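Novice: Can you look at this prediction? I've put the sequence above it.
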Amino acid sequence: MSETVTRGTTTAPLSTAPSPSLMRRLFTLRESPPTAVKRGVGLLGVAIAIGVWWILTLGATPETRIVSPVVLPSPGEVLRSIPTLFTERALIASTAATLRRVLAGFGLAIVVGVPLGILAGAYRIFDALTGPMSVFLRNIPVAVLIPLTILWFGIDETQKTMFIFIATAPFVFFDAARAVAGVHDRYVETAQTLGATPAQIVMKVLIPLALPDIYNSLRNLFGLAFGYIMLAELVNAEHGLGYLLMTSQRRGLTEHIFAILIVIGLLAYGIDRLLFWFQRGLFPHRSDDE
Amino acid sequence: MTEPAPSDAAAAKPASPAAPPTSAAPSAPAVAPPVVVFDRVTKTFDNGFTAIKDVSFVVDDMPGKMEFVSILGPSGCGKSTVLRLIAGLTPHHPASSGIVLIGGRNVVGPGADRGMVFQDYSSFDNRTVEDNISFGLECRGVSADERRTRAREWIGKVGLNVDRDAAKYPHQLSGGMRQRVAIARSLILGPRIILMDEPFGALDPATRLRMQDMLVSLSREAQATVFFVTHSIEEAVYLGDRVYVFSAHPGTILKEMRVPGPTFPAKEMQRKPEFMEIVYEIRDLVESLESSNRAGD
């Protein structure tokens, strides 16, 4: 230590050596690992989960397993049950039904929520008007809406679409308002000193600058809507992934439940990546995000 | 937007009935009215903070020439308040008392005749360089073809490369390039007044000097009066035809100075002894006034 001091600034201390070993880099606070390592480690995590699953369900007969097949079927059993999901349980039709409901309900929420949100973001008086109501609606437990929407819209498709709409619209509205309100005042002032009218500022400044954030939050809210629809499909549904889950449970088809859960997870991931891919194309000025 | 000042200029400001009529108000409209008149202007915000107090100055019209007015002072001396009162931007506009006249008219709100260049968030992130520069023309309904031609012309005038930079987005530009875009975007509209609020404050010293040179070269392109806020004495003296030195708490004009205009490139001129002498003079002035202010507390 004292030696370092006497040497002054001519030599760097050991701790800031130019290239620390890879192992050291991987376990440095907040240091990002190289992309290849990151992907590999991600796969490793999946492999560990499957490995644990495999060990827990290892055994020739149900009695020799650590966990009973009624509770947890083995990876092989789940995999082998997938073809029957398509042939006997009409997985494709159910997936289509679920997506249709989410798209209709969430689409309606976008059509209503985004323009109103933009209005609230642009005019503080409208924000003040809707603020308390927005907090109230966003904090209603979503399950409460099931009996209410049944009362209002019956038990058919309309109920499911409207359930998604009512459950997500307050969030869409709030996020859109926040995105527009978050556009820095400087942009508005710049536009004003360039002769833009209030309508031009909304159309040419506020909306375009808020749109990437609005899109990003819609992408996240779509995941929320996709989760909610399962809840709605537990009630009197024909087809639908939630309906498939419920009937699998009634018939004791545990391996189907797991297979459907995997399908739902993959579907949600695929949709999110697709939306993200569009995002990069739509907003070239924000292509460096994420 | 500005509206014609009635003969009793104070009548348009019912919030400040105490403001006395002023001799500086244009009573003889035969000659062009001054570009900017501030007559005993005070701005106190709702929270009781007084940004500027009794600020008075007159900037006359100098036809055929781009005149630079440097506004110099420490942080919080109300430099930006003066600019924003001219621009008509809230919450600084309107003044609590006193009279602000632009070309003999009261300020009603912001408009393209008074362009403003800020230090930060200066470009629209979603627009390319070309579309940023043509923003004001787009708002005026100028055709796409003409916008393109004129924007490209201005890309060159502010020292950017048309082929290389026109299609770039702001996040691909350096800080200096973004300020060039902001300046072009303002000047393309031919404003009577250009307000610059520490536009080069975030740039490194070398870029800053190049930007000063670029501004000087543009003075032949635009016949505008530039109000240039800075806390760099060198920048204020080099660019300015006149320099207003402000003090803080509350902001008032300490001294108005006429200084020689930029006759040499920034780097060269700012090394000359006569230039340094003016800089030192202002520095001493600011220091002596501030120390006497402290003693008087």
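Specialist: Noted; the coordinates are in hand.
Novice: Could you check which residue of the stretch 151-297 of chain B lies nearest chain A?
Specialist: Here the stretch 151-297 of chain B gets closest to chain A at one residue, residue B:169, 4.2 Å apart by Cβ to the nearest Cβ. Quick note: C-beta positions are derived from backbone N, CA and C, even for glycine.
Novice: ok, and the closest non-adjacent residue to that residue?
Specialist: Of all residues beyond its chain neighbours, the one nearest residue B:169 is residue A:285 (4.2 Å), with distances taken as Cβ to Cβ, 6 or more residues apart in numbering or on different chains.
Novice: Regarding that neighbour, what is its secondary structure?
Specialist: helix (DSSP: H, G, I helix; E, B strand; the rest coil).
Novice: my guess is it contacts residue B:170, does it?
Specialist: Yes - proximity of residue A:285 to residue B:170 meets the contact threshold set by Cβ atoms under 8 Å, at 7.2 Å.
Novice: Could you tell me which residues touch both of these two?
Specialist: Taking Cβ atoms under 8 Å, 6 or more residues apart in numbering or on different chains as the contact rule, residue A:285 and residue B:170 both touch B:125, B:127.
Novice: Do a quick rundown of the helices in the chain.
Specialist: Let's take chain A. Chain-ordered helices for chain A, with DSSP state H as the definition, fall at A:2-7, A:22-26, A:35-56, A:75-87, A:91-122, A:124-138, A:145-153, A:157-181, A:185-193, A:198-201, A:207-232, A:241-250, A:254-282.
Novice: you looked at the wrong chain, it should be chain B
Specialist: So, for chain B - with DSSP H - the helices run B:79-87, B:129-133, B:135-140, B:144-157, B:162-165, B:175-187, B:205-218, B:233-239, B:266-269, B:273-296.
Novice: Tell me how many other residues crowd residue B:74.
Specialist: 14 (other Cβ atoms under 10 Å in any protein chain shown).
Novice: Distance of the residue nearest to residue B:98 when sequence neighbours are not counted relative to residue B:55?
Specialist: Nearest residue to residue B:98 in three dimensions, chain neighbours excluded: residue B:41, at 3.5 Å (Cβ to Cβ, 6+ apart). Separation of residue B:41 from residue B:55 (Cβ to Cβ, to the nearest Å) stands at 5 Å.
Novice: Quick check: neighbours shared by these two?
Specialist: Taking Cβ under 8 Å, 6+ apart as the criterion, residue B:41 and residue B:55 both touch residue B:98.
Novice: Could you list the contact residues of chain A toward chain B?
Specialist: With Cβ under 8 Å from any Cβ of the partner chain as the criterion, chain A comes near chain B at residues A:184, A:186-187, A:189-197, A:200, A:204-205, A:208-209, A:211, A:283-286, A:288.
Novice: Now the buried members of the residues you listed.
Specialist: With neighbours counted by 16 or more other Cβ atoms under 10 Å in any protein chain shown, these contain buried members at A:187, A:189-196, A:200, A:204-205, A:208-209, A:211, A:283, A:285-286.
Novice: Show me chain B divided up by domain.
Specialist: Dividing chain B into domains by automatic domain parsing, as the record does, gives the ranges B:2-16+B:33-123+B:173-290, B:124-172.
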